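Undergrad: What shape does this take:
(chains A and B)
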Amino acid sequence: MKTLEPILAEHPFFKGLKPEYLQLVTGCASNVRFDTGVYMFREGEEATRFYLLRQGKVALEIFAAQRGPITIETIEAGEVMGWSWLFPPYQWHLSGRVIEPTRAIALDGTCLRAKGEADHDLGYELMRRVAVIMMDRLQATRIRLLDIYSKSPGGKVSYPSR
Amino acid sequence: MTVDQCDPMMPQRYRVQHVRNEIPDTFTLELEPEDGGDIPPFATGQFNMLYIFGVGEIPISISGDPARRKPLVHTTRAVGTVSRAMRELKPDDVIGVRGPFGSHWPIERAEGKDVVIAAGGIGLAPLRSVMYHVISQREKYGKAVLLYGARTPADILYRRELQLWRTHFDLDVYVTVDRATGSWRGSVGVVTQLISRAPFDPRNTVAMVCGPEIMMRFTAAELEKRGVATEDIYVSMERNMKCAVGLCGHCQYGPNFVCKDGPVFQYSQMKGLLTKWEI
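TA: Below you'll find the predicted structure:
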């Protein structure tokens, strides 16, 4: 039977992971599909999984009273979604709404945490890889905080007018 | 050609053909020489000095098709005294034009390679002429990728053209917004996040980047992270220009005059300067 191992090995998130670890990780992986409009997870729910998106687009949303759901970011093919499975209280901070039909590999967070606890080298590898994603997202968030396309007070633009 | 027309300091009279509002604070001017003569040839990325008589003169990149020289097209944002006055222009009004000036995007150097065009906000305007060129000479280039970031969906410039370019089978057009509003179903995030999604060979790519300086810095860093050589990344700089021919020194940036040595620079020339507080 074909396993998901070759697909995981090709994914940037797991690229370079030792074959024995890849085998362990594959044991926690499954193929999933979601249709447009479906919520893959909702804010506050238990975060038991994370996803490697193979196709499609998912909006990460936060719900604000009187404003409804606000899209914070979109996650697209080739990217990783979810780190709440790794940190207590293991609850989703955001909701994930499918905006284009999505295929993904779901990784069971509880299963991976147990394997990481049993083998700290694997645990370190997972933590390191998740940290890179967190750093990239933090950096992107910082750029957005700068609001670089806006006019500064007084009508001057903070970037070229041409 | 008269002596006056050869003098780069002497504005030529151009008549406004059309003023088009693109997005709430951004508009496009279409101009033709008042005497019906030819418009001087320009290269992608070059700029003109546009003069509103009695108000002032500002540099604005040419955003039209270099292969179709009439009318002369400029898109700008109404942010200062001159650009706000420019926005009030009506067809048949006359303004002064000097140029074209400055360096151009490396469209010749990019031949045979993948082309990545990364624009933020109104930074798409100076790159639109590159899009026109690449589309018209498509066989000369490998993959052609446009990455465009805007503040909100309402701030997306040249929306109709972006939609048209998206229908081309041989163009990859990615658009993202910093903040989603309403029924936006596209990408949300900064333009730098598009770089890892786009299909191009980083070892055989020329990237052209224009937008807020900080956007160009982070975009270039992300391109480098993907494997594009610093020498293959180009940025378009802007400083306060007056003479446009490297005489007055208003636009000096480190050892460069942006008007004469730029506005388009190899990123390797700018990289060390962009984080210098003193300049």
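
Undergrad: Quick check: residues of the stretch 151-279 of chain B near chain A?
TA: Applying CB under 8 Å from any CB of the partner chain, we find that the stretch 151-279 of chain B lies next to chain A at B:151, B:155, B:176, B:178-180, B:184-190, B:192-193, B:196-197, B:210-215, B:218, B:236-238. In this view, the C-beta of every residue, glycine as well, is placed from N, C-alpha and C.

Undergrad: in the stretch 151-279 of chain B, what residue is nearest chain A?
TA: As assessed by CB to the nearest CB, chain A sits closest to B:Pro212 within the stretch 151-279 of chain B, at 3.0 Å.

Undergrad: In contact with B:Pro202, which residues are there?
TA: B:223, B:226-228 (CB atoms under 8 Å, 6 or more residues apart in numbering or on different chains).

Undergrad: Sort out for me which of these are in helices.
TA: Residues of the contacts of B:Pro202 located in helices (DSSP state H): B:223, B:226.

Undergrad: List only buried entries from the contacts of B:Pro202.
TA: B:223, B:228 (16 or more other CB atoms under 10 Å in any protein chain shown).

Undergrad: farthest pair in the contacts of B:Pro202?
TA: B:Leu223 and B:Gly227 (8.3 Å; CB to CB).

Undergrad: Grab the longest helix from chain A for me.
TA: From DSSP H, the single longest helix across chain A is helix A:120-145.

Undergrad: Which neighbouring elements make contact with that one?
TA: Under the contact criterion of 3 or more CB pairs under 8 Å, 6 or more residues apart in numbering or on different chains; DSSP states H and E, helix A:120-145 touches helix A:19-26, helix A:109-118, helix B:213-226.

Undergrad: Kindly reformat those as a markdown table containing distance to A:Glu43 and mean pLDDT.
TA: Shown next, in a markdown table, are these (distance: least, CB to CB, whole Å; pLDDT from 0 to 100):
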| stretch | distance to A:Glu43 | mean pLDDT |
| --- | --- | --- |
| helix A:19-26 | 27 | 94 |
| helix A:109-118 | 17 | 95 |
| helix B:213-226 | 29 | 95 |
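
Undergrad: which residues touch A:Leu112?
TA: Contacts of A:Leu112 (CB under 8 Å, 6+ apart): A:25, A:28, A:85, A:126.

Undergrad: do B:Lys140 as well
TA: B:111-112.

Undergrad: Of all residues in the chain, which one is nearest the centre?
TA: Since no chain was named, I'll use chain A. A:Met81 (1.5 Å; CA atoms, centre = their mean).

Undergrad: That was the other one, I meant chain B.
TA: B:Pro126 (1.2 Å).

Undergrad: In three-state terms, label the residue found closest to that residue once you drop the neighbours it is linked to in the chain for me.
TA: Of all residues not flanking B:Pro126 in the chain, B:Ser61 sits nearest, at 3.7 Å (CB to CB, 6 or more residues apart in numbering or on different chains). Put simply, B:Ser61 is strand when judged by DSSP: H, G, I helix; E, B strand; the rest coil.

Undergrad: can you pull up the bridge partners for B:Ser61?
TA: Under DSSP bridges, the beta-bridge partners of B:Ser61 are B:Phe47.

Undergrad: what residues are up against it?
TA: Contacts of B:Ser61 (CB under 8 Å, 6+ apart): A:162, B:45-47, B:74, B:125-126, B:236, B:263.

Undergrad: Next step: those residues restricted to helices.
TA: Checking the contacts of B:Ser61 against DSSP H, those in helices are B:125-126.

Undergrad: now, which of the contacts of B:Ser61 sits nearest B:Asn204?
TA: Closest to B:Asn204, out of all of the contacts of B:Ser61 and judged by CB to CB, is B:Gly45, at 21.5 Å.

Undergrad: ok, the closest one - contacts?
TA: Taking CB under 8 Å, 6+ apart, one finds B:61, B:102-105, B:126-127, B:129-130, B:208, B:236, B:263-264 in contact with B:Gly45.

Undergrad: ok, B:Asn240 touching B:Gln252?
TA: No - using CB atoms under 8 Å, B:Asn240 is not in contact with B:Gln252; the gap is 9.9 Å.

Undergrad: Just the pLDDT at residue 45, thanks.
TA: Reading this off chain A. We note a pLDDT of 96 for A:Glu45 in this prediction.

Undergrad: my question was about chain B
TA: So B:Gly45 comes in at 96 (pLDDT).

Undergrad: next one: the one 10 residues further on
TA: We note a pLDDT of 95 for B:Val55 in this prediction.

Undergrad: Kindly provide the distance from it to A:Phe13.
TA: 56 Å (CB to CB, to the nearest Å).

Undergrad: Have a look at the two and say which one is more surrounded.
TA: Higher neighbour count among B:Val55 and A:Phe13: A:Phe13, with 19 against 14, using other CB atoms under 10 Å in any protein chain shown.

Undergrad: ok, how many other residues are close to the nearest residue to the more buried one once chain neighbours are set aside?
TA: The shortest distance from A:Phe13 to any non-neighbouring residue, by CB to CB, 6+ apart, is to A:Val80 (5.1 Å). If you count neighbours by other CB under 10 Å, A:Val80 ends up with 23.

Undergrad: Now for A:Val80: which residues touch it?
TA: Here A:Val80 is in contact with A:13, A:50-53, A:133 (CB under 8 Å, 6+ apart).

Undergrad: Hmm, B:Met131 and B:Ile107 touching each other?
TA: No - using CB under 8 Å, B:Ile107 makes no contact with B:Met131, being 10.8 Å away.

Undergrad: So which of the two has more stuff around it?
TA: Set B:Ile107 next to B:Met131 and count neighbours by other CB under 10 Å: B:Met131 wins out with 24 against 21.

Undergrad: Which of the helices and strands packed on helix A:120-145 sits closest to B:Ile117?
TA: Of all the helices and strands packed on helix A:120-145, helix B:213-226 sits nearest to B:Ile117, with 10.9 Å by CB to CB.

Undergrad: what comes into contact with that closest one?
TA: A:139, A:143, A:146, A:148, A:159-160, B:116, B:118, B:120-121, B:123, B:147, B:149, B:190-192, B:195-196, B:202, B:207, B:209-211, B:230, B:233, B:235-237, B:267, B:271, B:274-275.

Undergrad: re the thing from before, restricted to buried residues, select the residues of the stretch 151-279 of chain B next to chain A in ChimeraX.
TA: What follows is the ChimeraX syntax selecting those of those that are buried according to 16+ other CB under 10 Å:
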select /B:151,155,176,178,179,180,184,187,188,189,190,192,193,197,210,211,212,213,215,218,236,237,238
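
Undergrad: Of the residues of the stretch 151-279 of chain B next to chain A, which belong to helices?
TA: Judged by DSSP H, those include B:213-215, B:218 as members of helices.

Undergrad: which stretches of chain A have low pLDDT?
TA: Where chain A drops to pLDDT under 70, the residues are A:1, A:151-162.

Undergrad: at 90 instead, please
TA: For chain A, the stretches flagged by pLDDT under 90 are A:1-3, A:10, A:12, A:64-69, A:148-162.
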